[in-house]
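Asks: got a sequence here, can you model it:
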Amino acid sequence: MSQSPEAFLGATEFLDIEHEAVREFTAAAIGSSSTDRERSARLFTAVRDQIWYDPYSASEDPAHYRASFVLEAGRAYCVPKAVLLTAVCRAAGIPARLGFADVRNHLQTDSLRSLMSGSDLFVYHGYSSLFIDGKWVKATPAFNSELCARFGVPPVEFDGEHDALMHAFTADGTQHMEYVRDRGVFDDLPLAEILTELRRSYGSLLVTSVASVADEFTEGPATSASSGGSSHPLDSPADRR
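Replies: Residues are numbered from 1 along each chain as shown. Just a heads-up that it's a prediction; the model follows:
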């Protein structure tokens, strides 16, 4: 993209940065931080850990991809989590874009691999591209810290200065994540393109209602944090939508 960074500060259909919940979450996360580097790092950590990573939450409903809904639900897969991080960075005055790449994930559960037609290639993995101190940096807030611990993978850390992408290896040296194709960066979520590719790659199961699955991804904590710091049970109506 050739636009100036300031072109990536506004609200969009999915980046509903004027929504009260988005504003409240942003203010609570950045606290008294005064620099874009520190604000972006705090926002990254808040999105990473307060929204549980759930690959079974893929949906065909556009409303489920808005930043405000992600906060309400308290769990999401990588694309909506990237939407939320991009939105809250814009709400904090940090130019932000959505980026996507195809990644090969060598850590899966049997349930997830089955829904993905036996593939370990995740198409349109979402991340945020943030303009900080004169340069664009990439950050993916997908895997929350508790989930990383279950898989033996150190959580991705973001310092507001260097790219923060998925680790190539786990703590014991096992191959974990491999980036295989760059899908580019966008001002707003290209949802139609993403859903088309998900259906083409995996069929309809991954983006339709998934029956109850019990594995490392779904066995989350008893409660999920909302934007205001309160919590709701993970089997609440917001989580089932």
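Asks: give me the element residue 21 is part of.
Replies: Under the assignment given by DSSP states H and E, the secondary-structure element containing residue 21 is helix 20-30.
Asks: give me the contact list for that helix.
Replies: Helix 20-30 has contacts (CB atoms under 8 Å, 6 or more residues apart in numbering) with 16-17, 38-39, 42-43, 45-46, 67-68, 71-72, 87-88, 91-92, 226-229. For every residue, glycine as well, the C-beta is placed using N, CA and C.
Asks: can I get it in CSV, CA atoms only?
Replies: Coordinates of the C-alpha atoms in helix 20-30 are reproduced here as CSV (Å, rounded to 0.1, in the frame of the first residue of the first chain):
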residue,chain,number,x,y,z
GLU,A,20,-17.8,2.1,23.8
ALA,A,21,-16.4,-1.3,24.6
VAL,A,22,-13.5,-0.8,22.2
ARG,A,23,-12.7,2.6,23.8
GLU,A,24,-13.0,1.3,27.3
PHE,A,25,-10.7,-1.7,26.6
THR,A,26,-8.2,0.6,24.9
ALA,A,27,-8.1,3.0,27.8
ALA,A,28,-7.8,0.3,30.4
ALA,A,29,-5.0,-1.5,28.5
ILE,A,30,-2.8,1.6,27.8
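Asks: can you give me the buried ones in that helix?
Replies: Along helix 20-30, the positions that meet the burial threshold by neighbour count (16 or more other CB atoms under 10 Å) are 21, 22, 23, 24, 25, 26, 29, 30.
Asks: go on, stretch 87-102?
Replies: Neighbour-count burial for stretch 87-102 flags 87-92, 94-102 (criterion: 16+ other CB under 10 Å).
Asks: can you give me the end-to-end span of it?
Replies: Stretch 87-102 stretches 22 Å from its first residue to its last (CA to CA, to the nearest Å).
Asks: so which of the buried residues of stretch 87-102 sit within helices?
Replies: With helices taken from DSSP state H, the overlap with the buried residues of stretch 87-102 comprises 87, 88, 89, 90, 91.
Asks: residue 157: which of the residues you listed is nearest?
Replies: When those are ranked by distance to residue 157 (CB to CB), residue 89 comes first, at 16.6 Å.
Asks: that closest one reaches residue 40, doesn't it?
Replies: Yes. The criterion here is CB atoms under 8 Å, and residue 89 meets it with residue 40 at 6.0 Å.
Asks: need the overlap of contacts for those two.
Replies: With CB under 8 Å, 6+ apart as the test, residue 89 and residue 40 both reach residue 130.
Asks: would you mark the buried spots in the top strand by length along the chain?
Replies: The strand of greatest length in the chain, counted in residues with DSSP state E as the criterion, is given as strand 121-132. Residues of strand 121-132 classed as buried under the neighbour-count rule (16+ other CB under 10 Å) are 122, 123, 124, 125, 126, 127, 128, 129, 130, 131, 132.
Asks: please name the nearest non-neighbouring residue to residue 11.
Replies: With sequence-adjacent residues excluded and distances taken as CB to CB, 6 or more residues apart in numbering, residue 11 is closest to residue 17, at 4.8 Å.
Asks: let me see the contact set for that neighbour.
Replies: Remark: with contacts taken as CB under 8 Å, 6+ apart, residue 17 is in contact with 10, 11, 23, 67, 87, 88, 90, 91.
Asks: kindly report the same for residue 159.
Replies: By CB under 8 Å, 6+ apart, the contact set of residue 159 is 37, 41.
Asks: state the distance from the spatially most central residue of the chain to residue 40.
Replies: Nearest to the mean C-alpha position of the chain, counting by CA atoms, centre = their mean, stands residue 81 at 2.3 Å. Computed with CB to CB, to the nearest Å, the distance linking residue 81 and residue 40 is 15 Å.
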